[in-house]
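J.: Here's my sequence, what's the structure:
(one chain, ligands or ions: 1)
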Amino acid sequence: MTRRKKLYEGKAKILYEGPEPGTLIQYFKDDTTAFDATKKAVLEGKGVINNRISEFIMTRLAGIGVQNHLIKRMNLREQLIREVEIIPLEVVCRNIAAGSISTRLGIPEGTALPRSIIEFFYKKDELHDPLVTEEHITAFNWAATQEIDDILAMTLRVNDFLTGMFSAVGITLVDFKIEFGRIYEGDFSRVILADEISPDSCRLWDSTTNEKLDKDRFRRDLGNVIESYTEVARRLGIMKEMPTVIQGGITGDAS
Ligand code: UDP
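T.: Take a look at the predicted model:
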């Protein structure tokens, strides 16, 4: 077995050098963190589930013309992806108030927003990812005006698509966070969707009971985190042969 060069290790994923120039391998860890990594745990099997859910969503988004970094899933925990120059923004799209918008603006959790709202957060752990405006983004050259327009348009398309996809399986898409990166084509650059889309980065509520099926189960100590992520995968029709989550790991459906 050859040892690959690790390029970056984040809280939930590792990036390794890819087999070809311009490619990387994205490895999904079981590590989970919240509240600026002050709360940590290892959730056995989470990486496997998020790899599959993110592959499923990115593949479908590519199918409706939302370009993204996924080339293909390689195995249980790894994806081959295109290398991008990450834009240092977390782009959050909200349909229902929850989390930081509820505390920041005093809107009770669960309140339907008058329309979908997109917010930008500057990716900087030391500063706790502060909310920023388009003025900050262009003034500090994090992204150009045209890139922001592309990001807004793509985020709304992702929201429309995911809202419908989840609603069809009895899940309400409350909010989600996505990230974007640049790829260079000759003298031009293009913004594409990067990172992951999974229950780690979305708020997903059961449409009937409003039960949380996402990372809030970990943040708020609600228990059954893996069971809820697995339920999301099951409803989406992924992992038909459901892996048995047992102490010590995940078995079954090794593809
Ligand atoms: N989110 C994320 N990574 C972050 C912060 C937020 O994936 O570092 C997601 C979060 O899971 C939720 C959405 O972005 O789906 C909005 O999060 P919010 O701003 O409400 O912050 P939180 O309550 O998570 O601190």
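J.: For the ligand, what is the nearest residue in the protein?
T.: As assessed by CB to the nearest ligand atom, the ligand sits closest to Gly99 within the chain, at 2.2 Å. Every residue, glycine included, has its C-beta placed from N, CA and C.
J.: Spit out the contact partners of that residue.
T.: By CB atoms under 8 Å, 6 or more residues apart in numbering, Gly99 lies in contact with 109, 175, 203, 216.
J.: which one of those residues is nearest Gly22?
T.: Asp175 (32.0 Å; CB to CB).
J.: so, in contact with the ligand or not, the helix or strand harbouring Phe176?
T.: Phe176 belongs to strand 171-185 when elements are defined using DSSP states H and E. Yes - judged by CB under 6 Å from any ligand atom, strand 171-185 and the ligand are in contact via 175-177.
J.: coming back round to it: export the contacts of Gly99 as a markdown table, with columns for distance to Arg3.
T.: A markdown table is the format used below for the contacts of Gly99 (distance: CB to CB, whole Å):
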| residue | distance to Arg3 |
| --- | --- |
| Glu109 | 46 |
| Asp175 | 39 |
| Arg203 | 38 |
| Asp216 | 37 |
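J.: Buried subset of the residues you listed, written for ChimeraX?
T.: Restricted to buried positions by 16 or more other CB atoms under 10 Å, the ChimeraX selection for the contacts of Gly99 reads:
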select :175,203,216
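J.: any idea how far the spatially closest residue to Tyr27 that is not a sequence neighbour lies from Phe180?
T.: Nearest non-adjacent residue to Tyr27, counting by CB to CB, 6 or more residues apart in numbering: Ile14, 4.3 Å away. Applying CB to CB, to the nearest Å, one obtains 20 Å for the distance of Ile14 from Phe180.
J.: got a list of what the residue positioned nearest the centre of the chain touches?
T.: What sits nearest the mean C-alpha location of the chain, by CA atoms, centre = their mean, is Ile197, with 2.9 Å. Neighbour list for Ile197: 53-54, 57-58, 61, 158, 162, 176, 178 [criterion: CB under 8 Å, 6+ apart].
J.: 7 Å instead?
T.: 54, 57-58, 176, 178 (CB atoms under 7 Å, 6 or more residues apart in numbering).
J.: Same check on Phe121?
T.: With the criterion set at CB under 7 Å, 6+ apart, Phe121 makes contact with 89-90, 92, 129-132.
J.: Please indicate which of these are buried?
T.: Buried among those by 16+ other CB under 10 Å: 89-90, 92, 129, 132.
J.: Contact distance from the ligand - what residues of the stretch 151-255 of the chain qualify?
T.: Checking the stretch 151-255 of the chain against the ligand by CB under 6 Å from any ligand atom, the hits are 175-177, 201-203, 215.
J.: hang on, Asp149 is in a strand, isn't it?
T.: No - according to DSSP: H, G, I helix; E, B strand; the rest coil, Asp149 belongs to no strand; its state is helix.
J.: can you give me the strands in the stretch 151-255 of the chain?
T.: For the stretch 151-255 of the chain, the strands defined by DSSP state E, counting those that start in this stretch occupy 171-185, 188-194, 202-206, 244-246, 249-251.
J.: can you put those in JSON lines and add mean pLDDT?
T.: Output for the strands of the stretch 151-255 of the chain, formatted as JSON lines (pLDDT from 0 to 100):
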{"stretch": "strand 171-185", "mean pLDDT": "98"}
{"stretch": "strand 188-194", "mean pLDDT": "98"}
{"stretch": "strand 202-206", "mean pLDDT": "99"}
{"stretch": "strand 244-246", "mean pLDDT": "48"}
{"stretch": "strand 249-251", "mean pLDDT": "47"}
